[in-house]
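Trainee: sequence plus predicted model, see below.
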Amino acid sequence: MGRSKERGQPVIDLTYEELVRERSRCRQLVAVFPPKTGKRLKERLRLVEHKLEELKEIGNAGRATARVGSMLQFKAPGRCIHDDSIASEWGEFVRFVEIGEDQYAVRQVEVFNNGNILRYDRSHWCDDFGQLLGLRFSRQPKWAAHFPGAELVEPAEFARVWRAAQRAPLWQQQVARSRASKWGALPHWLGPACDS
């Protein structure tokens, strides 16, 4: 029997479909193992179920928060930090962006020269530090005109930066300072009007 792609992968990195498969796998294993041995499995199952519940609360789980097929990943010198953002005082930064097949940003990381790292995805899209890009990216390279100095990056490089952002000390502060309660659980550009 082949090893599941989801097994051992952090819950936050799993797509909606992978979470559903992982929940099924964990339930089967929890039923087989004795309670003491299955403690880690039960914890994993709890985390998976929590993430699935979180996706249901946000709504439109498949589109909003699960990673969609990736069209491209790039990095570019950072621009456009709002003056009211705490991050506006941190200096220069590099923005890494993953664009999905729907032509919108799926994940984004901002790495500042002062060592601070911010991250955004469709489930955590806005906070007091900044927000996920709301641009619709062209399938043609003309989008690069809006990001002077942009360079395409390999998926492995983006994945490395994303994992570093998950471990960044600011992540818990970002979660605590989410603006989703004021601005909405979903970015407005991913709302029903964008389905056309």
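Mentor: Cool, got the structure. For clarity, every value in this text was computed on a predicted model and none was experimentally measured.
Trainee: give me the low-pLDDT residue ranges for this structure?
Mentor: 1-17, 35-38, 53-70, 79-85, 88, 191-196 (pLDDT under 70).
Trainee: can you list the buried residues in the lengthiest helix in the chain?
Mentor: With secondary structure taken from DSSP state H, the chain has its longest helix at helix 39-58. Judged by neighbour count (16 or more other C-beta atoms under 10 Å), helix 39-58 contains these buried residues: L41, R44, L45, L47, V48, E49, K51, L52, L55, I58. Yep, even glycine has a C-beta here, placed from its N, CA and C like the rest.
Trainee: any idea how many residues pack against S181?
Mentor: The local packing count at S181 equals 7, with neighbours defined by other C-beta atoms under 10 Å.
Trainee: and the helix or strand it falls within, what does it pack against?
Mentor: Secondary structure here is read from DSSP states H and E; on that basis S181 sits in helix 180-183. The elements that helix 180-183 packs onto, with contact taken as 3 or more C-beta pairs under 8 Å, 6 or more residues apart in numbering; DSSP states H and E, do not include any helix or strand.
Trainee: and the helix or strand that contains S24 with helix 39-58, angle?
Mentor: Taking DSSP H and E as the definition, one finds S24 inside helix 16-32. What separates the directions of helix 16-32 and helix 39-58 is an angle of 140 degrees, with axes from the mean of the first three to the mean of the last three C-alpha atoms, to 10 degrees.
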